[in-house]
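Peer 1: A structural model of the following input is requested.
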Amino acid sequence: MALKRLKLDELWWLVSPQNPLKPVAGMAPFAERLAGARAVARHPRIRVTGIEADLETTYTAETLRRLARRFPHLRLIWLMGADNLAQIHHWKDWTQIFSTVAVAIFARPSYCLRALASLAAHRFSMNRVSESGSGALRRRRPPAWVFLVGPLNPLSATAIRARRRSSRSERAPGSKR
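Peer 2: Predicted structure coming up:
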């Protein structure tokens, strides 16, 4: 959906070494998460990368600043779900994200209203691009953002981690099946 609606040449899926807002406990090792993302991303224009580990960055704003410096010829768009828009004001230097790159927000089940009523949505309301203009987002100077509605996917990283823990406990030696 992102490739088509935003008219992207390619999509970089950044696998973070560690989200500073999430506990380390229960998180799969970085290499395992990177491999898992690569197994899922089977589109030729989706590139899964662990570039944050190479950049040695922890926070999104810092990562985006370094990517913009490293690739000045690229027009970057930050993609995230509505769940993140609802709480991005808790992120370090969150306003710099919107000032560094264009942002595309994807609707998520049960988060749309909260996201659109969020501090970030209000702060940057004058910079919102209509869905019909989403294909031109990459040509817009930041801050510019769009909220995209499409098929809602209920999957979440939290649910995936819970399934993985459950699956591992079922396979544990001595466990009953």
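Peer 1: tell me what the helix or strand containing Ala39 is packed against?
Peer 2: Under the criterion of DSSP states H and E, Ala39 resides in helix 30-40. Applying 3 or more Cβ pairs under 8 Å, 6 or more residues apart in numbering; DSSP states H and E, we find helix 30-40 packed against strand 46-49. All C-beta spots, glycine's among them, are computed from the backbone N, C-alpha and C.
Peer 1: What strands line up against the strand it packs on, and which way round?
Peer 2: strand 11-14 (parallel) (DSSP bridges).
Peer 1: what's the average pLDDT for the partner strand?
Peer 2: Strand 11-14 carries an average pLDDT of 96.
Peer 1: residues in contact with that strand?
Peer 2: Strand 11-14 has contacts (Cβ atoms under 8 Å, 6 or more residues apart in numbering) with 2-3, 37, 41, 43, 45-52, 63, 79.
Peer 1: can you give me how far the helix holding Ala39 is from the chain middle?
Peer 2: 15 Å (Cα atoms, centre = their mean, to the nearest Å).
Peer 1: buried sites along that helix?
Peer 2: Arg33, Leu34, Ala37 (16 or more other Cβ atoms under 10 Å).
Peer 1: Repeat that for stretch 82-95.
Peer 2: Judged by neighbour count (16+ other Cβ under 10 Å), stretch 82-95 contains these buried residues: Ala82, Asp83, Asn84, Leu85, Ala86, Gln87, Ile88, Trp91, Trp94, Thr95.
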